[in-house]
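Asks: starting from these lines, generate the structure:
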Amino acid sequence: DRYKNLHVAYLDLDGGAVGATLLAAVNSSSMPFGVEVVSGMTLDDLRGRVDAGDYHAAVVASAGATQKLSVVSVPTSSSAVAAAAGYNSASAALIIYDQGRSGQSVANLLRSTLVALVAKAGYGLSAALLRTFAQKGVPVSMLSHVVLADPVEAEEQPLHPVPYTGMYLGTELALIDCWILMLTSNTAMFATIMQWEELGVRRDHQMLVQLVQQILTAAFVAVWPPALVVAFSD
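Replies: Just a heads-up that it's a prediction; the model follows:
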């Protein structure tokens with residue numbers, strides 16, 4: 001399984017409940033690849049390691065994520081209410097992945113798996129916060145929508161992004177080849193008709209030959225583009 005050779009890192013820059021919940025999700029999730037817990041490096045350091053190919057992707061608990069969440073969890077002042085209204089749950093974590101080096105299919109696997117991992121952590125943290133506030137006697141009506149909905153999401157940062165032309169180059173080339181093939185076939189058919197008419201061949205006899213040529217061309221066109229798409233895809 002080639003996915004077992006993927007290297008993914010987890011870095012906790014938060015040091016609080018958000019970071020701990022993400023770590024718990026990492027340790028309890030069954031993923032097609034392993035995740036290495038790293039420390040002693042900055043966000044730029046880890047981004048550079050992914051950019052250099054040491055890691056295919058990374059998940060980061062953002063610095064101050066727990067502090068930001070605690071401020072908006074039980075808004076009791078006008079400033080806290082305003083902060084809760086403007087709270088961006090995607091600021092709690094960051095997903096960095098290499099989109100161009102390993103191909104689109106691997107990048108999609110990394111992205112979707114890590115997004116699901118962060119979502120799992122968000123659900124777990126929401127449940128833990130609800131239990132904690134219930135034990136403290138805080139009514140649900142006082143809790144922010146942030147706690148009740150999704151306190152943790154992730155910002156995505158793809159490295160070496162693949163442009164549209166790169167992702168769909170195979171399909172575009174296949175369509176161009178189809179048009180060239182059809183134009184060549186029709187030109188050859190017209191030339192053949194003109195030659196046969198000069199030789200006195202009846203037009204109704206030519207119709208059968210044209211029909212056979214159209215069937216063969218259609219069959220070839222139906223098979224050729226998918227083969228090109230596969231050849232140009234990863």
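
Asks: so what's residue 47 up against?
Replies: The contact partners of residue 47, by Cβ atoms under 8 Å, 6 or more residues apart in numbering, come to 58, 96, 157, 159. C-betas here are computed from N, CA, C, even on glycine.

Asks: so which of those sit within strands?
Replies: Judged by DSSP state E, the contacts of residue 47 include 58, 96, 157, 159 as members of strands.

Asks: which among those gets closest to residue 18?
Replies: Of all the ones in strands among the contacts of residue 47, residue 58 has the smallest distance to residue 18: 15.9 Å, by Cβ to Cβ.

Asks: my read is that the closest one contacts residue 48, right?
Replies: No - counting by Cβ atoms under 8 Å, residue 58 stays clear of residue 48, with 10.6 Å between them.

Asks: mind listing the helices for this structure?
Replies: For the chain, the helices defined by DSSP state H occupy 17-28, 43-52, 65-73, 78-85, 104-135, 145-148, 164-167, 169-198, 203-232.

Asks: which stretch in these has the least confidence?
Replies: Among these, helix 164-167 carries the lowest mean pLDDT, at a mean of 50.

Asks: show me which of the ones in strands among the contacts of residue 47 are buried.
Replies: For those, a neighbour count by 16 or more other Cβ atoms under 10 Å gives the buried set as 58, 96, 157, 159.

Asks: could those residues be laid out in CSV, adding pLDDT and distance to residue 31?
Replies: Formatted as CSV, those follow (pLDDT from 0 to 100; distance: Cβ to Cβ, whole Å):
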residue, pLDDT, distance to residue 31
58, 96, 14
96, 96, 16
157, 92, 19
159, 90, 20
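
Asks: how about JSON lines for those, with distance to residue 29 added?
Replies: Supplementary listing: those in JSON lines, determined by distance: Cβ to Cβ, whole Å:
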{"residue": "58", "distance to residue 29": "15"}
{"residue": "96", "distance to residue 29": "18"}
{"residue": "157", "distance to residue 29": "21"}
{"residue": "159", "distance to residue 29": "23"}
